[in-house]
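Student: I need the structure of the sequence given here:
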Amino acid sequence: MKREQWSSNFGFLMAAAGSAVGLGNLWKFPYVVGMNGGGIFLIIYIVLLVLLGAPILMAEMSIGRHTRLNAIGACQQLNKNWGFVGFAGIFGAFIILCYYGVIGGWVMKYLFTYIFTPGINKPDEYFQNFSSSAAEPILWQLLFCAVSIIIVIRGISNGIEKISKIFLPLLAAFIIIIAINSVSLPGASEGVKFFLIPDTSHINSFKDIFSIILNAMGQVFFSLSLGMGTLITYGSYLSRDSSIQKNAFYIPLFDLIIAVLACFAILPAVFAFGLEPSGGSGLIFRTLPYVFGSMKFGRICAVIFFALVFFAAVTSSISLVEVIASYFIDSRKWSRPKACIIPGIVFAGVGITASLSFGLLSNVKIMGESIFDFLTILSDKILMPIGGFFMCILTGYIWGMPEMFREMSSGGKYKIYFRKTISFLIKFLAPAMILIIFITSFI
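Tutor: Presented below is the predicted three-dimensional model:
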């Protein structure tokens, strides 16, 4: 069976950027910044984005395009004993989908609330009551999962690519409008300072430093969809006419721009309305209703914003579903609908427990964490960094850098810049950093 391809490099770029942006930037990045001291976290994140994110991004895309296979099959083709790297990625994608649908459901709830009601009064109380209830969040979560599965069933160019090409540019434009309004609020300057000016007053020990570094590393992997097979899978549909190195530059850059804009949209408003920047996973839902309430045509802006956030969430979700579906299509010869629906039923079912961890199951703890938080820690701080570490070893020592550069150059068509630097990062610095940060954080 002939493997699908992206209809254009722009389509791939938007799909990969959509996977990178998604809720990782709009929902997660602002609250992780808020919980890790603001400006100091931003600096560490940018450093790790360059030293870890971009090189591993190149490696995964190169392996995907070279093998034209799913994550497990691609790693096995390079070395038959290294399929576990791809398996770790697919398992990580599955774990993320278990809780990602919960947040996607929240976005849909807020979108429909603004469509059919004048707005949200007492945002803190509203979010708390909704997220802790039993039935309604689950219904929205299941609906979000169903939308993601249906899009992936439609395939690459007709499903994933089309939705990414339309809504990612719109989201980038509209979040700028929200950010401008947010920073103009009275008292918002404190939020801008918190975000841009490094403050080390809250760092009291090496434990605090390594905690921030670990969280920044986890955010890099989560935001860029590294170590979960997404870029291997997406790369397997990539034409040899595309420059992998250029794409590996544009994707992190777009990721960073959206992440910074999201913080400008949210953190100044947090300070303007006297909220806590360390408000956790509900920060965007507790904060933005205040912003829209202060804007002219705020309700219309809220509808547009949450609609775009919904599609950004979907672009990330469908990339994860595609990772899993691709394995069953390639290795088990399942039809695309079957490869999407059966895993979808499983991760949606597990996701119900994650949703209930904000209410009925709030007292259920796994290693001291709620079900939702345990799943996020398992994916962001364990599975994805481990996958990234072994991806560096597989690329640098098993496959070899000359082979990777040959694939990156499309057989000599494109010049590869900074070869020695890229080799050093993938073979030595990136795996060493991941290992040191990973071990030290647990010690």
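Student: Going along the chain, name the strands of the protein.
Tutor: Secondary structure of the chain, counting by DSSP state E: no strands present.
Student: how about low-confidence regions in it?
Tutor: For the chain, the stretches with pLDDT under 70 are 1-22, 155-166, 278-281, 441-443.
Student: Recalculate using a threshold of 50.
Tutor: For the chain, the stretches flagged by pLDDT under 50 are 1.
Student: contacting residues for Trp82?
Tutor: 75-76, 390, 394, 398 (Cβ atoms under 8 Å, 6 or more residues apart in numbering). (C-beta placed from N, C-alpha, C; glycine too.)
Student: now, the most widely separated pair of these?
Tutor: Within the contacts of Trp82, two members stand farthest from each other by Cβ to Cβ: Gln76 and Phe390, at 13.2 Å.
Student: which of the contacts of Trp82 count as buried?
Tutor: Among these, those scoring as buried are 75-76, 390, 394 (criterion: 16 or more other Cβ atoms under 10 Å).
Student: if we take those, which one ends up nearest to Leu378?
Tutor: Nearest to Leu378 among those is Phe390, at 16.7 Å by Cβ to Cβ.
Student: count of residues packed around the closest residue to the closest one other than its chain neighbours?
Tutor: Excluding the flanking residues, the one nearest Phe390 by Cβ to Cβ, 6 or more residues apart in numbering is Val85, at 4.6 Å. Applying the criterion other Cβ atoms under 10 Å, we find 28 residues in the vicinity of Val85.
Student: I'd like to know how far Val85 sits from Ile244.
Tutor: In this structure, Val85 and Ile244 are 19 Å apart, going by Cβ to Cβ, to the nearest Å.
Student: ok, now Ile341?
Tutor: Taking Cβ to Cβ, one finds Ile341 at 32 Å from Ile244.
Student: cool, and Ala430?
Tutor: Distance, Ala430 to Ile244, using Cβ to Cβ: 17 Å.
Student: One more: Phe347?
Tutor: Remark: distance between Phe347 and Ile244 (Cβ to Cβ) = 30 Å.
Student: Check Asp373 too.
Tutor: With distances taken as Cβ to Cβ, Asp373 is found 35 Å from Ile244.
Student: Between the two, tell me which one has more neighbours.
Tutor: Taking other Cβ under 10 Å, Asp373 and Ile244 do not tie; Ile244 has more neighbours (26 against 18).
Student: what about the nearest residue to that one once chain neighbours are set aside, neighbour count?
Tutor: Leaving aside its chain neighbours, Ile244 sits nearest to Met408 (4.6 Å; criterion: Cβ to Cβ, 6+ apart). Met408 is flanked by 25 other residues according to other Cβ under 10 Å.
Student: Met408 and Leu57, how far apart?
Tutor: For Met408, the distance to Leu57 - Cβ to Cβ - is 11 Å.
Student: what does Ala216 give?
Tutor: Looking at Ala216 against Leu57, where the rule is Cβ to Cβ, the gap reads 16 Å.
Student: Next: Lys381.
Tutor: As it turns out, when the distance is counted by Cβ to Cβ, Lys381 lies 19 Å from Leu57.
Student: of those two, who's got more company?
Tutor: Set Lys381 next to Leu57 and count neighbours by other Cβ under 10 Å: Leu57 wins out with 26 against 21.
Student: Isn't the more buried one up against Leu231?
Tutor: Yes: with contact defined as Cβ atoms under 8 Å, Leu57 and Leu231 form a contacting pair (6.0 Å).
Student: residues shared between the contacts of these two?
Tutor: Going by Cβ under 8 Å, 6+ apart, residues that sit against Leu57 and also against Leu231 are Leu224.
Student: Off-centre distance for stretch 226-239?
Tutor: The chain centroid and the centroid of stretch 226-239 are separated by 14 Å, computed with Cα atoms, centre = their mean, to the nearest Å.
Student: whoops, stretch 291-304 was the one
Tutor: 26 Å.
Student: And stretch 53-71, by the same measure?
Tutor: The chain centre lies 17 Å from the centre of stretch 53-71; the measure is Cα atoms, centre = their mean.
Student: what are the ranges of the helices in the stretch 51-200 of the chain?
Tutor: Remark: helices assigned in the stretch 51-200 of the chain by DSSP state H, counting those that start in this stretch are 54-67, 71-78, 83-116, 123-132, 135-153, 162-183, 189-196.
Student: Could you dump these into CSV and include distance to Ser355?
Tutor: Written out in CSV, the entries for the helices of the stretch 51-200 of the chain read as follows (distance: least, Cβ to Cβ, whole Å):
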stretch, distance to Ser355
helix 54-67, 31
helix 71-78, 27
helix 83-116, 5
helix 123-132, 8
helix 135-153, 5
helix 162-183, 24
helix 189-196, 30
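Student: so of the ones you listed, which one's packed in deepest?
Tutor: Compared across the helices of the stretch 51-200 of the chain, helix 54-67 shows the largest average neighbour count, a mean of 26 (mean count of other Cβ atoms under 10 Å).
Student: who touches it?
Tutor: Helix 54-67 is touched from outside by 73-75, 77-78, 224, 226-227, 229-238, 240, 244-245, 247-249, 251-252, 388, 391-392, 394-395, 399, 403-404, 407-408, 422, 425-426, 430, with contacts defined as Cβ under 8 Å, 6+ apart.
Student: from these, which ones fall inside helices?
Tutor: Secondary structure assignment by DSSP state H places 73-75, 77-78, 224, 230-235, 244-245, 247-249, 251-252, 388, 391-392, 403-404, 407-408, 422, 430 of the contacts of helix 54-67 in helices.
Student: Now, of those residues, which are buried?
Tutor: Among the ones in helices among the contacts of helix 54-67, those classed as buried by neighbour count (16+ other Cβ under 10 Å) are 73-75, 77-78, 224, 230-235, 244-245, 247-248, 251-252, 388, 391-392, 404, 407-408, 422, 430.
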